[in-house]
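Trainee: Fold the following, please.
(one chain, ligands or ions: 3)
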Amino acid sequence: MRIERYTLAMAAIIAVCYCICPIDDSISLMAIYDNCNGDMWIEPTNWGSDANKCDWKGVTCNSEEHVVGLDLSFMNVGPTWPTDLECLPLLRSLNLSNNPIFSSVPDMLGNLSGLKTLDLSHMGLVGEVPASLCSAEFLREIDLSGNYLTSVPSCLLSMPFLQTLDLSCNMLAEDYSGMLGLEQGVACIIGGFATSYNISCNPAKSGAETCECGRIPQGVCPSEVETECGVGLLE
Ligand SMILES: *[C@@H]1O[C@H](CO)[C@@H](O)[C@H](O)[C@H]1NC(C)=O
Ligand SMILES: *[C@@H]1O[C@H](CO)[C@@H](O)[C@H](O)[C@H]1NC(C)=O
Ligand SMILES: *[C@@H]1O[C@H](CO)[C@@H](O)[C@H](O)[C@H]1NC(C)=O
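Mentor: Ligands and ions are numbered 1, 2, ... in the order given. So this is what the prediction gives:
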C-alpha cells in the first residue's frame with residue numbers, strides 16, 4: 001500500500017515535469033550544453049554525439065537510463081546557470097564545482113526535489129543563499145565553499161537529512177553559532193544522522209573562533225556526541 005502510493009506519487013511528479021520538459025533526458029542535457037557555452041567546455045567527451053547519453057562525460061544514469069547524476073566540475077560551464085537542470089526530474093547528485101558562474105544562487109535549485117548531493121564550491125557565487133534551497137529537502141551533502149556568499153538561511157541547518165554542510169571560505173560575517181542555529185540546539189534535532197559542518201575561513205567577528213568545524217557546543221547535546229573538531233558526529 002505504501003509502495004503503491006509512493007509509485008503513484010512519483011509517477012505524478014514525473015508526469016507533471018514531463019508536461020513542460022522533453023521526455024528524453026538527452027534533449028535536456030543538450031539544452032544545458034547549448035545555453036552554457038558548450039562550445040567552450042573543456043573536454044565534453046561524447047556530448048552531442050550519437051553515443052548513449054549515459055556515456056557522456058559527467059553523466060550518470062540509473063538502470064532505466066534516466067539521468068541521476070551530473071558532474072560538470074572543472075568543465076568551464078557558464079556564464080549563466082544551467083536552468084535546464086529542472087528537466088532532469090530524477091537528478092540526485094549535482095556537481096558544478098570550479099566553474100565560472102559568478103552570480104547568486106538561483107531559486108531554481110530548490111526545485112530539484114530529488115537532490116541528495118550538491119557541490120557548488122568555487123564558482124564565484126555571490127550574495128545570500130536563498131531559503132528556497134531548503135525545498136530540496138532530501139539533501140544530504142551541500143558544499144558551498146570557496147565562494148563570496150554573505151549569508152545562509154537558518155533553515156539550511158535544520159534540513160532533515162543533512163549530513164555535511166561546507167560553508168568554508170566565504171564572506172559570512174554573522175556570528176557562527178547564531179547563524180547555524182546551534183544556540184537553539186537545532187543541530188541536536190537532526191537526530192539519527194551524522195552532521196558535520198565547516199565554517200572556517202570566513203570574516204565573522206565572533207562565534208566559534210576556536211573550533212570552526214563540526215563541533216557540537218558543550219551542553220547542547222548529550223556528552224557522547226561531543227567530538228573532535230571537524231568530525232561532529234551526531235547519532
Ligand atoms: C565534485 O567534483 C570535484 C572535482 O572533480 C571533486 O573534488 C568533488 O569531490 C566532487 N564533489 C562531490 C560532492 O562529489
Ligand atoms: C519552481 O517551481 C515552482 C512551482 O512548481 C514554480 O512556480 C517556480 O517558477 C519554479 N522556480 C523556478 C526558479 O523555476
Ligand atoms: C574546513 O575548510 C577549510 C577551508 O576550506 C579546509 O582547509 C579544512 O580542511 C576544512 N576542515 C575540515 C575538517 O574539513
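
Trainee: doesn't L90 make contact with C21?
Mentor: No: between C21 and L90 there is no contact, the gap being 11.5 Å when judged by C-beta atoms under 8 Å. From N, CA and C alone the C-beta is placed, and that goes for glycine too.

Trainee: which residues touch F138?
Mentor: S113, G114, L115, K116, F161 (C-beta atoms under 8 Å, 6 or more residues apart in numbering).

Trainee: Would you reformat those as CSV and include secondary structure and neighbour count?
Mentor: Shown next, in CSV, are the contacts of F138 (DSSP: H, G, I helix; E, B strand; the rest coil; neighbours: other C-beta atoms under 10 Å):
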residue, secondary structure, neighbour count
S113, coil, 14
G114, coil, 16
L115, coil, 23
K116, coil, 17
F161, coil, 13
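
Trainee: could you dump the residues you listed to CSV with pLDDT?
Mentor: Below are the contacts of F138 laid out as CSV (pLDDT from 0 to 100):
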residue, pLDDT
S113, 95
G114, 96
L115, 97
K116, 97
F161, 82
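
Trainee: low-scoring pLDDT stretches of this protein, where are they?
Mentor: For the chain, applying pLDDT under 70 flags the ranges 1-19, 175-195, 204-235.

Trainee: Strands of that one, residue ranges please.
Mentor: Using DSSP state E, the strands of the chain run over 59-61, 67-71, 93-95, 117-119, 126-128, 141-143, 148-151, 164-166, 196-198.

Trainee: Tell me which of those sits nearest to E174.
Mentor: strand 148-151 (6.4 Å; C-beta to C-beta).

Trainee: thinking again about what came up before, reformat the strands of the chain as a markdown table; add distance to ligand 1 and mean neighbour count.
Mentor: Shown next, in a markdown table, are the strands of the chain (distance: least, C-beta to the nearest ligand atom, whole Å; neighbours: other C-beta atoms under 10 Å):
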| stretch | distance to ligand 1 | mean neighbour count |
| --- | --- | --- |
| strand 59-61 | 11 | 17 |
| strand 67-71 | 6 | 20 |
| strand 93-95 | 4 | 19 |
| strand 117-119 | 4 | 21 |
| strand 126-128 | 20 | 14 |
| strand 141-143 | 6 | 21 |
| strand 148-151 | 17 | 17 |
| strand 164-166 | 9 | 21 |
| strand 196-198 | 13 | 22 |
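
Trainee: Mind putting these into TSV with distance to N46?
Mentor: Shown next, in TSV, are the strands of the chain (distance: least, C-beta to C-beta, whole Å):
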stretch	distance to N46
strand 59-61	9
strand 67-71	14
strand 93-95	18
strand 117-119	22
strand 126-128	33
strand 141-143	26
strand 148-151	34
strand 164-166	30
strand 196-198	35
